[in-house]
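Q: here is a sequence together with a model predicted from it:
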Amino acid sequence: MHQMKALPVRRLSSILASVSAALRDHFGLTKLFIGGGSAPALLDHLYSGTALRMRDLDLILVAERAVDQELARRIGEAADTPELRFMPRYIYPRRRTRSEREPVVAGWGVIWDAQGTEVDLSMFHDERALELNGLMNIDRILIPLPPEKTLNQIAAELLLSGTPELAILNGLVSDACGGYASWGHRSPAIVAWNAIHAAPIECSMRIVRACASKLHLGHLHPELADPLRAAILWGHERGDRFLRVRGIVKLFHDDRAGAELEMMNALGAFKHWLTEIGEVIEQLGHNGLAALFAQADRENRRDADHHAAFQLAGEQGGDETSATRLEALLLLMTPDRRERVLDEIAIAEPMFAQLVRSQLPRVEKRHSTTPVTPPKRRAKRVTAPRIIVPTAAVAASPVA
């Protein structure tokens with residue numbers, strides 16, 4: 001999981017039908033939406049023709065009743081099938097904030113594995129709790145999923161509306177904060193400042209990943225970076241370490257993981273947390289992580305034993321790609337510093353951390369015997385200098 005995948009609408013429609021049926025038939029819950037990064041991705045696919053690519057399918061439920069851990073577990077089990085495997089380790093509260101220091105449990109979340117696609121359902125108590133969700137305006141786009149309609153039917157209605165603006169006007173898309181326009185212009189705006197100050201590192205990580213992997217930004221513009229840097233400086237100890245660790249493990253799998261980690265370092269995220277990673281980033285310099293990860297990915301493709309170890313690992317949050325890149329980073333540290341990083345990772349991903357720890361000696365041995373191959377550079381084409389003949393000389397020359 002955690003990898004960007006191209007998914008046809010009919011595949012998403014099948015997944016949604018299973019989740020929607022379990023919510024409706026077992027619990028009478030029908031107020032379901034596509035949200036998070038999945039909503040703009042679907043709209044882009046329908047209106048711009050871009051490939052429907054997403055790392056996970058983000059679903060939002062307004063329960064209109066109190067949601068607790070027991071209800072979340074029962075919902076996860078109700079939709080559990082061979083095609084939609086419930087992952088009970090990842091039941092956790094959706095903590096949101098109404099003020100800088102008063103986080104509340106706005107709901108609970110469950111995750112299923114739909115044959116490699118992570119289906120993440122956030123269940124909020126009511127509309128008031130839902131208003132606390134989403135850091136940026138692009139995170140608050142919602143596509144309603146009426147229980148009597150399939151996603152195929154909803155997609156057809158969206159297409160018939162002609163434009164995203166008309167779809168919003170007709171109530172097919174909820175976008176009170178103008179998120180889709182910001183998405184199109186690649187200029188998101190923060191709307192949940194209380195959440196930023198309550199958990200600055202976790203929130204910054206989510207913003208960086210969205211901007212780098214989804215909006216393809218090379219850097220955060222000052223309107224985003226400056227307040228995030230200040231929030232981390234004054235509140236780095238705040239937040240949920242479990243979610244923070246889980247976030248960075250997922251980040252390691254991103255296509256632009258190196259750039260994202262550099263952005264996080266520039267914001268000051270590693271000054272007080274995982275300082276070992278920050279120091280390696282500083283040593284490698286700009287784009288150093290991207291080169292390191294690319295080399296690690298190349299080396300690992302030929303390592304059958306490494307593939308086998310992760311294939312047999314069972315349920316885990318981090319996958320082999322995340323491990324390959326983390327291992328490359330750890331190899332640049334002393335053994336004691338490696339252990340400190342792995343101890344932190346184990347807070348949320350104990351199986352993943354142990355597997356990386358067990359693989360490190362053989363990866364180090366493989367690395368020591370593998371020559372480093374720098375990326376090929378295109379040969380510079382040499383052209384003969386152009387000779388410019390004065391006009392007068394041309395006029396004076398005899399005609400053949």
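A: Thanks, I have it.
Q: who does the helix or strand harbouring Ile201 touch, helix- and strand-wise?
A: Element membership for Ile201 (DSSP states H and E) is helix 200-209. Secondary-structure packing of helix 200-209 (3 or more Cβ pairs under 8 Å, 6 or more residues apart in numbering; DSSP states H and E): helix 193-198, helix 222-235, helix 241-251, helix 257-266. Any C-beta I mention is one placed from the backbone N, CA and C, and that applies to glycine too.
Q: outside of the third one, which residues touch it?
A: Residues external to helix 241-251 that are found in contact with it (Cβ atoms under 8 Å, 6 or more residues apart in numbering): 2, 55, 92, 199, 201-202, 205-206, 209, 257, 260-261, 273-274, 317-318, 322, 326, 344-345, 347-349, 352.
Q: coming back round to it: ranking the helices and strands packed on helix 200-209 by burial, who's on top?
A: helix 257-266 (a mean of 23; mean count of other Cβ atoms under 10 Å).
Q: helix or strand next in line after it, which one?
A: helix 275-284.
Q: so for that next one, what gets flagged as buried?
A: Neighbour-count burial for helix 275-284 flags 276-278, 280-281, 284 (criterion: 16 or more other Cβ atoms under 10 Å).
Q: if we can go back for a sec, angle of the helix holding Ile201 against helix 222-235?
A: 160 degrees (axes from the mean of the first three to the mean of the last three Cα atoms, to 10 degrees).
Q: the longest strand that the chain contains pairs with which strands?
A: Ranked by residue count and defined by DSSP state E, the top strand of the chain is strand 103-114. Strand 103-114 has the following sheet partners, assigned by DSSP bridges: strand 85-86 (antiparallel), strand 92-97 (antiparallel), strand 117-124 (antiparallel).
Q: quick one: low-confidence ranges for this structure?
A: Scanning the chain for pLDDT under 70 picks out 1-6, 99-101, 312-317, 369-400.
Q: the strands in it, which residues?
A: When assigned using DSSP E, the strands of the chain occupy the ranges 5-6, 32-34, 53-54, 56-62, 85-86, 92-97, 103-114, 117-124, 143-144.
Q: contacts for the fourth one?
A: Translated: strand 56-62. Contact with strand 56-62 is made by 1-2, 7, 12, 15-16, 19, 23, 29, 31-39, 107, 114, 117-124, 126-127, 130, 133, 142, as judged by Cβ under 8 Å, 6+ apart.
Q: angle of the longest strand of the chain against strand 56-62?
A: For strand 103-114 against strand 56-62, the angle between stretch directions is 130 degrees (the same axes, to 10 degrees).
Q: would you mark the buried spots in strand 103-114?
A: Buried, per 16+ other Cβ under 10 Å, within strand 103-114: 103, 106-114.
Q: can you dump the C-alpha coordinates of that strand into PDB?
A: Provided in PDB are the C-alpha atoms of strand 103-114 (Å, rounded to 0.1, in the frame of the first residue of the first chain):
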ATOM      1  CA  PRO A 103      -7.900  18.700  20.900                       C
ATOM      2  CA  VAL A 104     -11.200  16.800  20.900                       C
ATOM      3  CA  VAL A 105     -12.100  13.400  19.500                       C
ATOM      4  CA  ALA A 106     -14.200  14.400  16.500                       C
ATOM      5  CA  GLY A 107     -14.600  10.800  15.500                       C
ATOM      6  CA  TRP A 108     -12.800   7.500  14.700                       C
ATOM      7  CA  GLY A 109     -11.100   6.000  11.700                       C
ATOM      8  CA  VAL A 110     -10.800   2.500  10.200                       C
ATOM      9  CA  ILE A 111      -8.700   1.200   7.300                       C
ATOM     10  CA  TRP A 112      -9.200  -1.600   4.800                       C
ATOM     11  CA  ASP A 113      -6.800  -3.000   2.300                       C
ATOM     12  CA  ALA A 114      -8.600  -3.400  -1.000                       C
END
